[in-house]
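> for reference, the sequence and a predicted model appear below.
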Amino acid sequence: MRISLPLALVALTSVPAALLADPLPSWNEGAAKDSIIAFVDSVTDPDSADFVPVKDRIATFDNDGTLWTEQPIYFQLLYAMEVLRRMAAEDPSVLSSDVLKAANEGDMAVVMAGGEEGLLEILDVSHADTTPEAFKTSAYEWLTTAEHPATGLPYAGMTFQPMLELLSYLRDEDFATYIVSGGGIDFIRAIADDAYGIPPWQVVGSEGRVSYEVIDGVPTFTKGGGMTFLDDKEGKPVGIMRHIGQKPIFAAGNSDGDFAMIDYTTAGEGPGFGLIVHHTDAEREYAYDREGFIGTLDRGLDEGPDRGWTIVDMARDWARIYPGH
């Protein structure tokens, strides 16, 4: 199944005309929606004490679990396992560890038991020795044609409609919207513009080694594998300063991996909005928080409300989950 892109444009133009006056039509009426609109109104009103000039209206969003589904496992890892299987079919010697062998066989229990080190090993082997351009072409093809095992939707089609509306709403109010994700920067850049309307230069992500040389007169970059920067937890504020260079006033995430980014955004003087997507909808998506390896949300639930952050209850606050569904 191939999905038609750009996804963000299709999702937003499919909204009935009667609802266009509502900037967030897929959000149910309630405290979460009200808090978002109230904040945006306050920072965009020149007469407001909290008015923020356009140049300072920066909004940052986590990707996995915040802008699209991250279960049963991160989409980038599923892509990496598919690439690894193709590599192993041509050269079985690439399966040099138990984790790599398990990934080739689809044994997720062993893969997950390998922890972060095992996941990085799979990404290292599957993402190396290619150009960023070739990698992004391959990732885009997979994201727009491969189907999610539970929904049958293309992975790129599993963006959250309410968050697409939020991105569009903020941009309509002259916010610059950035992705700040623990996922690989090239993987996200492969689809971000089509899926979210976010250009590649507004994507911050984890980075691997990249080399540059002129080959037969052609300037060439090569991905070398390994990890040079992990854009997760305390790395997210660092990534923001490295790539954006100024503090956001709006930050959204879904797990404790986003806690530092949201804390950085909302701490100190001046207006700041923190949003956490709480996955509570086992019927339409998934329900999870404190337990497990993917998208663990513990500290955010305990401390977020007292810090004034908006906790979005997916089952209660979202009228629908995916575009067209």
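Thanks, I have it. Model, not experiment: these values are computed from the prediction.

> and Ala49, how many residues sit next to it?
7 (other Cβ atoms under 10 Å). Just so you know, the C-beta spots here come from the backbone N, C-alpha and C atoms, and that holds for glycine as well.

> low-confidence ranges, the stretch 201-325 of the chain, go.
Nowhere does the stretch 201-325 of the chain drop to pLDDT under 70.

> so where do the strands sit in it?
According to DSSP state E, counting those that start in this stretch, the stretch 201-325 of the chain carries its strands in the segments 203-215, 218-229, 250-253, 273-278, 310-313.

> what segments of the stretch 51-200 of the chain are strands?
With DSSP E, counting those that start in this stretch as the criterion, the stretch 51-200 of the chain has strands spanning 58-61, 176-184.

> okay, the ones you listed in a markdown table with mean neighbour count next?
As requested, the strands of the stretch 51-200 of the chain are exported to a markdown table (neighbours: other Cβ atoms under 10 Å):
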| stretch | mean neighbour count |
| --- | --- |
| strand 58-61 | 25 |
| strand 176-184 | 24 |
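
> of all those strands, which lies closest to Gly106?
Of all the strands of the stretch 51-200 of the chain, strand 176-184 sits nearest to Gly106, with 20.9 Å by Cβ to Cβ.

> can you list the strands that the closest one pairs with?
Paired with strand 176-184 in the same sheet, following DSSP bridges, are strand 58-61 (parallel), strand 203-215 (parallel).

> dump the ones you listed into JSON lines; add distance to Gly114 as well.
Compiled in JSON lines, those are given as follows (distance: least, Cβ to Cβ, whole Å):
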{"stretch": "strand 58-61", "distance to Gly114": "28"}
{"stretch": "strand 203-215", "distance to Gly114": "18"}
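
> who wins for proximity to Leu164 among those?
strand 58-61 (10.9 Å).

> so for that closest one, mean pLDDT?
Averaging pLDDT along strand 58-61 gives 99.

> tell me the gap between that strand and the middle of its chain.
Its chain's C-alpha centre and that of strand 58-61 lie 12 Å apart, by Cα atoms, centre = their mean, to the nearest Å.

> what sits against the closest residue to Tyr288 other than its chain neighbours?
Distances taken as Cβ to Cβ, 6 or more residues apart in numbering place His279 nearest to Tyr288, at 5.3 Å, with adjacent residues excluded. Shown in contact with His279 (Cβ atoms under 8 Å, 6 or more residues apart in numbering): Gly65, Gln71, Asn254, Glu285, Tyr286, Ala287, Tyr288, Asp289, Gly295, Leu297, Met314.

> out of those residues, which comes closest to Thr131?
Out of the contacts of His279, the member with the shortest distance to Thr131 (by Cβ to Cβ) is Gly65, at 29.2 Å.
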